[in-house]
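Trainee: Quick one, fold the following:
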Amino acid sequence: MRFRTLAGVALSTGAVVLTACGTPSHSGQTAFSSQSPQQTTGMAQGMTNIRMGTFSGLNDKHVSGAVKITGDQVVLSGFSSDPGPDLHIYLTNGTGESAVTAGAALGKVAFDNASQTFPIAGVDASKYTTVVINCDKAKAVFGAAALA
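Mentor: The predicted structure follows:
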């Protein structure tokens, strides 16, 4: 390799291999892990799969805000809803009343409380695709958030 100096800085005219986010191999190139994302997700104990969604109103009702599922809780943020006499939150696999009936009830929801947290101990949240806000008294879905 030849070096030249330009304003006191040594420059190389040869090839330079940079390594980042990996362990250099014998060839000087970066060696990356061959583990799949599923393997690396559970590597550290206590790691959880975080799922999120954004609420939309249904059946001419207003529901907005975000939902995040982390480990053993469901967290609502920026949440608001039309008032209802008996609003509850559910983990479901759809937005119809039959999906709500088959879903997991998490608790009573305050329509005017932007931040709310619901424990989901004993519920496998990975089996559900949707978070639903339902008025149990009227048997009406107010809104839902698809989980990604």
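
Trainee: Show me the protein divided up by domain.
Mentor: Using automatic domain parsing, the domain parsing of the chain gives 3-41, 51-146.

Trainee: which of those domains is buried the deepest?
Mentor: domain 51-146 (a mean of 17; mean count of other C-beta atoms under 10 Å). Just so you know, the C-beta spots here come from the backbone N, C-alpha and C atoms, and that holds for glycine as well.

Trainee: First-to-last residue distance for it?
Mentor: Its start and end residues considered, domain 51-146 measures 10 Å (C-alpha to C-alpha, to the nearest Å).

Trainee: mind listing the helices for the chain?
Mentor: Ranges of helices in the chain, per DSSP state H, are 37-41, 97-102.

Trainee: Which of those helices has the lowest mean pLDDT?
Mentor: Within the helices of the chain, the stretch with the lowest mean pLDDT is helix 37-41, showing a mean of 33.

Trainee: separation between the residue nearest to residue 130 when sequence neighbours are not counted and residue 112?
Mentor: Using C-beta to C-beta, 6 or more residues apart in numbering and skipping the chain neighbours, the partner closest in space to residue 130 is residue 92 (4.9 Å). Between residue 92 and residue 112 the distance, using C-beta to C-beta, to the nearest Å, works out to 23 Å.
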